[in-house]
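S.K.: can't give you the sequence, but here's the structure:
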């Protein structure tokens, strides 16, 4: 996607087995306790699931809409949500069938049937919004509805990760009577069947009330949530938390803010809650660029990158060094970049890499950044990396930062040689850290292709229903990327939120699934 402790391993045989409901089913209780006010520096870019593909929008989707499956707290294995049960009905993982629960309703009282599920997926693919999640479903051929409770997905290629994909925000089900089949909804409203309904949405605030028609697995612990949007203003977010204007600060406090709060939390009535995360950040190299396109230049940068210093000096320990494209805790992870380039910078190896490409003078290089999309410290990170390169005497590097809209346009036009990309996974599987980056039509726009990756390893891993059996293939893929260096992994995030000391349940909202569960929050 878009832009996050160890992640629980993928359960073997997940995709091929029957997924049936477990635990307590909830519905229509109206919630209990008090309402909660949460602040976030991210914007919510869309209220229509056919458009949003960013962390703020998916936070809204995961609480207002239901998907057929969902990720229970602390788990990377999807379980039925709107569905009673789901399973692949063939041996090639190309036919996936779900049976809906009885009595499902949207927040406006309309019944939710298989027609709405089909409509939601057909609509998303038909609209195919540039900022939407349709890019996740190139394998979806058609959706069939034999009856009101049965949905059959027919895939054009095997995809054992399909259950995880429809368990994400991309699988949100909309009311077919409330959404146009061919265009996005732009009135700021949302009609779903999830635990909450969206009461109002404005530039600076979204207000959620408990959906009394909800029937699913969430047990709502509050009477509503108000989400305050701070548009990247970290200082205002921290100030309002300490002034008791908000109960929770999520996504956007700087590393220094978190460190300060951890030191003074007991005295200010707040505490820092840490959770698992699979958010990553990479340097990306344009393989057609006259400078970054040279392997010796990319290898030299890899030999000079001091991740430990970056984590210490820029992130105050709120991230960890990343040595592969698949983060630690995700099944299939290896340490290909550590094995190839080591953890300690080496000027000698960097110089040798440049010489092997016939480069003798200083390499002039611009590192391109965008100030807030991938976290508030992104510009500082790029400046620190430029400093490391320049300290070697081998580079003359500078940093330029542009607004995100222009940044994306320039990347697409091939104007940048080296730039930064952050990634928050859509679902917790190695597939989501490889296919979107190196598959056909990938999100990096860096002119990198490798026929072994696209023709063999990605199709091979996608088709394997036993996810633990994909480790060897994912290992080969990571080794190829480390050798050819189209990207250079930098860090893996730790996920934080800061809460007033009378708010509970935040630990159930911060895990590798990236689902922030409003319903787990309670307040005295």
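M.R.: Received it, and whenever you're ready, just let me know what you need. Keep in mind that this is a model prediction, so the values were computed, not measured. Numbering: from 1, shown residues only.
S.K.: Only C-alpha atoms from now on, for both contacts and neighbour counts.
M.R.: OK.
S.K.: how about residue 492, secondary structure?
M.R.: What DSSP: H, G, I helix; E, B strand; the rest coil gives for residue 492 is strand.
S.K.: May I have the beta-bridge partners of it?
M.R.: residue 280, residue 320 (DSSP bridges).
S.K.: Could I get the pLDDT score of it?
M.R.: Note on residue 492: pLDDT of 95.
S.K.: if I look at it, how far off is residue 226?
M.R.: Per C-alpha to C-alpha, to the nearest Å, residue 492 is found 29 Å from residue 226.
S.K.: Just want to know which of these two has more residues nearby.
M.R.: Between residue 492 and residue 226, residue 492 has the larger neighbour count (other C-alpha atoms under 10 Å), namely 27 against 20.
S.K.: Might one say that that one is in contact with residue 318?
M.R.: No. Residue 492 lies out of contact with residue 318 (C-alpha atoms under 8 Å); the separation is 9.3 Å.
S.K.: what about the residue nearest the centre of the chain, distance to residue 309?
M.R.: Geometric centre of the chain, nearest residue: residue 424, 2.3 Å, by C-alpha atoms, centre = their mean. Distance check for residue 424 against residue 309: by C-alpha to C-alpha, it reads 23 Å.
S.K.: Also residue 240?
M.R.: Distance, residue 240 to residue 309, using C-alpha to C-alpha: 31 Å.
S.K.: which residue ranges form the helices in the stretch 301-450 of the chain?
M.R.: Assigned by DSSP state H, counting those that start in this stretch, the helices in the stretch 301-450 of the chain fall at 307-313, 336-341, 347-356, 378-391, 404-412, 435-438.
S.K.: and the first one, what's its mean pLDDT?
M.R.: Helix 307-313 shows a mean pLDDT of 96 in the predicted model.
S.K.: Equivalent analysis for the last one, please.
M.R.: In this model, helix 435-438 has an average pLDDT of 92.
S.K.: what's the answer for stretch 210-228, then?
M.R.: What stretch 210-228 shows for mean pLDDT is 97.
S.K.: Next, the distance between the ends of it.
M.R.: First residue to last in stretch 210-228 (C-alpha to C-alpha) measures 18 Å.
S.K.: In it, which residues are buried?
M.R.: 210-228 (16 or more other C-alpha atoms under 10 Å).
S.K.: just for the stretch 351-500 of the chain, where's the confidence low?
M.R.: Nowhere does the stretch 351-500 of the chain drop to pLDDT under 70.
S.K.: Which stretches in it count as strands?
M.R.: Per DSSP state E, counting those that start in this stretch, the stretch 351-500 of the chain carries strands over the ranges 363-369, 395-401, 418-423, 487-493, 495-500.
S.K.: how far off helix 378-391 does the first one point, in degrees?
M.R.: It refers to strand 363-369. 170 degrees (axes from the mean of the first three to the mean of the last three C-alpha atoms, to 10 degrees).
S.K.: what's the spacing between strand 363-369 and its chain's center?
M.R.: 27 Å (C-alpha atoms, centre = their mean, to the nearest Å).
S.K.: How about the third one?
M.R.: For strand 418-423, the distance from its own C-alpha centre to the chain's C-alpha centre is 14 Å (C-alpha atoms, centre = their mean).
S.K.: Ok, the last one next?
M.R.: Taking the mean of its C-alpha atoms, strand 495-500 sits 18 Å from the chain's own mean (C-alpha atoms, centre = their mean).
S.K.: which residues sit against that strand?
M.R.: 4, 241, 244, 247-251, 258, 269-277, 506, 510-511 (C-alpha atoms under 8 Å, 6 or more residues apart in numbering).
S.K.: Could you pick out which of those residues are located in strands?
M.R.: Of the contacts of strand 495-500, the ones assigned to strands by DSSP state E are 248, 249, 250, 270, 271, 272, 273, 274, 275.
S.K.: Out of those, who's the most crowded?
M.R.: Going by other C-alpha under 10 Å, residue 248 tops those with 28 neighbours.
S.K.: Identify the residues contacting that residue.
M.R.: Residue 248 makes contacts with 37, 38, 39, 241, 497, 498, 499, 500, as judged by C-alpha under 8 Å, 6+ apart.
S.K.: of all these, which two lie farthest apart?
M.R.: Greatest spatial distance in those: 37 and 497, 13.2 Å, computed using C-alpha to C-alpha.
S.K.: State the mean pLDDT of stretch 281-292.
M.R.: In this model, stretch 281-292 has a mean pLDDT of 98.
S.K.: Correct me if wrong: residue 431 contacts residue 461.
M.R.: Yes. With contacts counted by C-alpha under 8 Å, residue 431 reaches residue 461, the gap being 7.4 Å.
S.K.: just the strands of the stretch 351-500 of the chain: most buried one?
M.R.: Stretch with highest mean neighbour count among the strands of the stretch 351-500 of the chain: strand 487-493 (a mean of 25; mean count of other C-alpha atoms under 10 Å).
S.K.: which helices and strands sit right next to that strand?
M.R.: Judged by 3 or more C-alpha pairs under 8 Å, 6 or more residues apart in numbering; DSSP states H and E, strand 487-493 is in contact with strand 280-285, helix 307-313, strand 319-321.
S.K.: Repeat the analysis, applying 6 Å as the threshold.
M.R.: Using 3 or more C-alpha pairs under 6 Å, 6 or more residues apart in numbering; DSSP states H and E as the contact test, the elements touching strand 487-493 are strand 280-285, strand 319-321.
S.K.: if you compare those strands, which one is most tucked away?
M.R.: Most buried among those, counting by mean count of other C-alpha under 10 Å: strand 280-285, with a mean of 24.
S.K.: what's next to that strand, contact-wise?
M.R.: Strand 280-285 is contacted by residues 292, 417-423, 486-492 when judged by C-alpha atoms under 6 Å, 6 or more residues apart in numbering.
S.K.: Out of those residues, the closest to residue 74 would be?
M.R.: Checking the contacts of strand 280-285 against residue 74 by C-alpha to C-alpha gives residue 492 as the nearest, at 18.3 Å.
S.K.: contacting residues around that closest one?
M.R.: By C-alpha under 6 Å, 6+ apart, the contact list for residue 492 reads 279, 280, 319, 320, 322.
S.K.: repeat that with 7 Å
M.R.: By C-alpha atoms under 7 Å, 6 or more residues apart in numbering, the contact set of residue 492 is 278, 279, 280, 281, 319, 320, 321, 322, 327.
S.K.: what about residue 177, neighbour count?
M.R.: 10.
S.K.: ok, now residue 413?
M.R.: 11.
S.K.: and it, what are its phi and psi?
M.R.: Backbone torsions of residue 413, given as degrees, to the nearest 10, read phi -80, psi 0.
S.K.: what phi and what psi does the backbone show at residue 39?
M.R.: With angles defined as degrees, to the nearest 10, residue 39 sits at phi -110, psi 150.
S.K.: ok, it touching residue 228?
M.R.: Yes. At 4.6 Å, residue 39 and residue 228 qualify as touching, with contact defined as C-alpha atoms under 7 Å.
S.K.: Leaving aside the residues adjacent along the chain, what's closest to the residue sitting furthest away from the middle of the chain?
M.R.: Residue farthest from the centre of the chain, counting by C-alpha atoms, centre = their mean, is residue 360 at 40.6 Å. Excluding its sequence neighbours, the residue lying closest to residue 360 (C-alpha to C-alpha, 6 or more residues apart in numbering) is residue 354, at 7.1 Å.
S.K.: if I look at the closest residue to residue 497 other than its chain neighbours, how far off is residue 346?
M.R.: In this structure, residue 497 finds its nearest non-sequential neighbour in residue 250, 4.7 Å apart by C-alpha to C-alpha, 6+ apart. According to C-alpha to C-alpha, residue 250 and residue 346 sit 38 Å apart.
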